[in-house]
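> generate coordinates for the sequence data below:
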Amino acid sequence: MPTSHTPTEALESDACYLAMKTHDARFDGSFFTAVTSTGIYCRPVCRVKLPRRENCRFFRHAAQAEAAGFRPCLRCRPELAPRASGAASWSTEDASRILALQAARLIDEPDAWSEDGPGAAQIAARLGVSDRHLRRIFEVQFGVSPLQYLQTRRLLAAKQLIADTRLPMTQVALASGFASVRRFNAAFLEHYGLNPSALRRAGGATVEGGEGKAIEVRLGFRPPYDANAMLGFFARRALRGVEVVSTADGKEPAKGSTPTYVKLTRTLRVQQGGQAHAGWLQLRFDLEREQLLLSVSDSLAAVLPIVISRARALFDLDAEPMAINAALHAAFPHGDGLRVPGTVDGFELAVRAVLGQQITVAAARTLGSRLVEAFGEPLATPIEGLTRLFPTPATIAAASGDALGQLGIVRQRQTALHAIAREVASGKLALHAGADVPSTIAALQELPGIGAWTAQYIAMRALRWPDAFPAGDVALQKALGVTTARAAGEASQAWRPWRSYAVLRAWHAPSSTPATATETAAAELPLITTAGLAA
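Numbering: from 1, shown residues only. Have a look, this model is predicted:
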């Protein structure tokens, strides 16, 4: 770290020390504590003996601590911490800060980690600025260069794979973005003072990977978290063959009941370097430890960091409840644990949104399941009910109108599906967290059959934009006690930049129309207002 940069400039050191003293999980990932007497940095939830106050330095990012010469703690494992989203910057802060955070989001995506992937120059070009300007604003914002930030991201990803799995070191190195084991070993030795094999021995990993065996890793999140609400959301929308959401007793929930859900299992395809990797993943909560347990088929081992990143997005694990609740609790006191459901694939989410226009959740699920059955690639899995992958953009783009029509998909939605599929397949449209939000929303609305609601819904779930707001949604307007999109938009200004979370809370508010009634009414709503209810 540059000596002119003080890590505590933007941090309240006494507050950080108090959070560390109480092991407050709400601050997990918001800062890291480096201890000068040990040379190690920890998460606020670390259970080691509390260090003396004068020996502590506080950093917002792990990359800052590592650039200052500190090593990650082997006990609390900083790689498990939820990431700081920096979402507040999307609304009102200066352009340089927004640009730096956008660059960080791109670097956070595992696709950027490989040495032949997009470097700082390519990321700068993608953002429309010079490499030099990006480095300057990045160092002002984060206290490290983009390369240092990227290297920390790679090393922490590798550290998680070393600690949680028995994957061969060659596979760990390649999955974490290193071009060779030699470079991987050298980076570990330089930053952590020990080789990867020694780190694995010290960590004592007990979960075995290997041929035919699932790989298991842990993912941290900040409480509170309404796990049952999140799993219930996915259960109501689960596509046959692609997803299974299990209840505590393993039985189909009775109509009108509120079951207790325990895990989600689904198929997944990951495209990397021209090669497709297919398999399955399973997610279940360990609420006592504020963690999500992720099991992944060994067929996805080579792209495990990408799977981890998508699982984090799917369950919105990097949300910052303290900041969100400070803005929303007064208006929605019963929604502090709600998160915005994400997706493992932006194209899949866009297709679901289009299929859900003007129909109920159940009807949209039926259409989606038919689409999977007709065009999804078969996949053998050991999990009952998981038999297919979601169709690729190329497959949907090539599907004839007659074939789609036979599934019950009307002509207007056929046109929209073809348009989105062609744009995504050609690379012109990117639907992931690193995409530029305003330009992507504009590009979506230029496509036939895509209105403002659908574009905002895709931004909320696929682009992970915390300030998306489908003002035209009738159910949302009813929950807010207004009758027009303009009035809903005006009412939402106080909730920026967390309006996506306000939408979820409004839909779940105790005084709002019950889900079954809302879904029935959705069939009569205009195209632009119903995608979220059914998608």
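
> all contacts plus neighbour counts: C-alpha atoms, from now on.
Will do.

> just checking, what packs against the helix or strand where Leu294 lies?
Using DSSP states H and E, Leu294 sits within strand 291-296. With contacts taken as 3 or more Cα pairs under 8 Å, 6 or more residues apart in numbering; DSSP states H and E, strand 291-296 sits against strand 215-220, strand 275-286, helix 304-314.

> and those as CSV, adding mean neighbour count?
Listed next are the helices and strands packed on strand 291-296 as CSV, based on neighbours: other Cα atoms under 10 Å:
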stretch, mean neighbour count
strand 215-220, 22
strand 275-286, 18
helix 304-314, 21
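
> could you give the angle of the strand holding Leu294 to helix 304-314?
130 degrees (axes from the mean of the first three to the mean of the last three Cα atoms, to 10 degrees).

> could you list the paired strands of strand 291-296 along with their orientation?
For strand 291-296, the paired strands and their directions (DSSP bridges) read strand 215-220 (antiparallel), strand 275-286 (antiparallel).

> now render these as TSV, adding distance to Asp336 and mean pLDDT.
Shown next, in TSV, are the strands paired with strand 291-296 (distance: least, Cα to Cα, whole Å; pLDDT from 0 to 100):
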stretch	distance to Asp336	mean pLDDT
strand 215-220	18	94
strand 275-286	18	96
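
> tally of neighbours for Leu447?
A count of neighbours around Leu447, defined by other Cα atoms under 10 Å, yields 16.

> in a helix, that's where Ile396 is, yeah?
Yes - under DSSP: H, G, I helix; E, B strand; the rest coil, Ile396 sits within a helix.

> I'd assumed Leu417 was in contact with it.
Yes - between Ile396 and Leu417 there is a contact under Cα atoms under 8 Å: 7.2 Å.

> between those two, tell me which one has more neighbours.
More crowded of Ile396 and Leu417, by other Cα under 10 Å: Leu417, with 28 against 22.

> pLDDT of the helix or strand Gln141 falls within, averaged?
Element membership for Gln141 (DSSP H and E) is helix 131-142. Helix 131-142 carries an average pLDDT of 89.

> residues in contact with it: which ones?
60-61, 64, 96-97, 99-100, 120-121, 124-125, 144-146 (Cα atoms under 8 Å, 6 or more residues apart in numbering).

> what do you get for stretch 239-259?
Taking Cα under 8 Å, 6+ apart as the rule, stretch 239-259 contacts 231, 234-235, 238, 260-267, 365-366, 368-369, 372-373, 385-390.

> now that stretch - C-alpha only, CSV.
Output of stretch 239-259 as CSV, limited to C-alpha atoms (Å, rounded to 0.1, in the frame of the first residue of the first chain):
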residue,chain,number,x,y,z
LEU,A,239,-38.6,-25.5,-13.4
ARG,A,240,-39.1,-29.2,-13.8
GLY,A,241,-35.8,-30.9,-14.6
VAL,A,242,-33.6,-27.9,-13.7
GLU,A,243,-34.4,-27.1,-10.1
VAL,A,244,-35.5,-28.9,-6.9
VAL,A,245,-36.3,-27.0,-3.7
SER,A,246,-36.6,-29.5,-0.8
THR,A,247,-38.8,-29.1,2.3
ALA,A,248,-37.8,-30.2,5.8
ASP,A,249,-40.0,-33.3,5.7
GLY,A,250,-39.3,-34.0,2.0
LYS,A,251,-42.9,-33.8,1.1
GLU,A,252,-44.8,-31.6,-1.3
PRO,A,253,-46.2,-28.7,0.7
ALA,A,254,-50.0,-28.5,1.1
LYS,A,255,-51.7,-25.7,-0.8
GLY,A,256,-51.9,-22.6,1.3
SER,A,257,-49.4,-23.8,3.8
THR,A,258,-46.1,-22.2,4.7
PRO,A,259,-43.5,-25.0,4.5
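
> from Pro223, how far off is Ala186?
Distance, Ala186 to Pro223, by Cα to Cα, to the nearest Å: 37 Å.

> so for those two, which sits in the more crowded spot?
Taking neighbours as other Cα under 10 Å, Ala186 and Pro223 compare with Pro223 leading, 23 against 15.

> does the more buried one touch Phe27 like I think?
No - between Pro223 and Phe27 there is no contact under Cα under 8 Å: 9.2 Å.
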